[in-house]
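S.K.: Output the structure for:
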Amino acid sequence: MKLFNNVLVVTSLFLSASAFAHVGLGSSMPANGAMLSQAPTTLEMTFTAPVRLVKLTMQDEKQQSVPLTLPSSATSQAAFSFALPALSAANYTVNWMIMGDDGHKMKGNMSFMLHDSGMNTRSAPPMTMEHETSEHTAHQ
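M.R.: Residues are numbered from 1 along each chain as shown. Prediction:
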């Protein structure tokens, strides 16, 4: 019985440490799942803790890439902002990979839809999102 309790305590500590190590996307603009009638001029991403952005891609439903420039700083930060080119009406998916200060890599994605509004304005109202990390990759 004592061995079982010790195993239970060690397992609980390990799972608690893993939960604290989890960092994800806290909010973005456009929001995940947003349906926009005006094209955004920026992509803003805020993570739940400072991270290094390792990879960022954005594609439309035809798998056409939207050019984005990663920050050149190697320091960790929680918020990132990227200028967007003029976007056409389409569904867009943003894929990201981050690395925490502990070296743990995580990746996920978010998406939004831009409707054809018949007007060529480029601003979107600020929105927040609820994020589901699609996949985690442990740094080995």
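S.K.: For the protein, name the helix or strand with the lowest mean pLDDT.
M.R.: The least trusted helix or strand in the chain, going by mean pLDDT, DSSP states H and E, turns out to be strand 135-136, with a mean of 43.
S.K.: Buried residues in the strand ranked longest in the chain, which are they?
M.R.: Taking DSSP state E as the assignment, the strand of the chain that covers the most residues is strand 42-60. Burial within strand 42-60, assessed by neighbour count using 16 or more other C-beta atoms under 10 Å, is assigned to 43, 45, 46, 47, 49, 51, 52, 53, 56, 58, 59, 60. Placement of C-beta: from N, CA and C, glycine included.
S.K.: Which other helices and strands does it contact?
M.R.: Strand 42-60 sits against strand 25-29, strand 77-83, strand 90-99, with contacts defined as 3 or more C-beta pairs under 8 Å, 6 or more residues apart in numbering; DSSP states H and E.
S.K.: now these as CSV including mean pLDDT, mean neighbour count and distance to residue 65?
M.R.: As requested, these are arranged in CSV below (pLDDT from 0 to 100; neighbours: other C-beta atoms under 10 Å; distance: least, C-beta to C-beta, whole Å):
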stretch, mean pLDDT, mean neighbour count, distance to residue 65
strand 25-29, 96, 20, 19
strand 77-83, 94, 14, 13
strand 90-99, 96, 19, 11
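S.K.: can I get the buried residues of strand 42-60 in CSV with pLDDT and distance to residue 84?
M.R.: CSV is the format used below for the buried residues of strand 42-60 (pLDDT from 0 to 100; distance: C-beta to C-beta, whole Å):
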residue, pLDDT, distance to residue 84
43, 97, 6
45, 96, 12
46, 97, 17
47, 95, 19
49, 94, 25
51, 94, 21
52, 93, 22
53, 92, 16
56, 95, 12
58, 97, 8
59, 97, 13
60, 96, 12
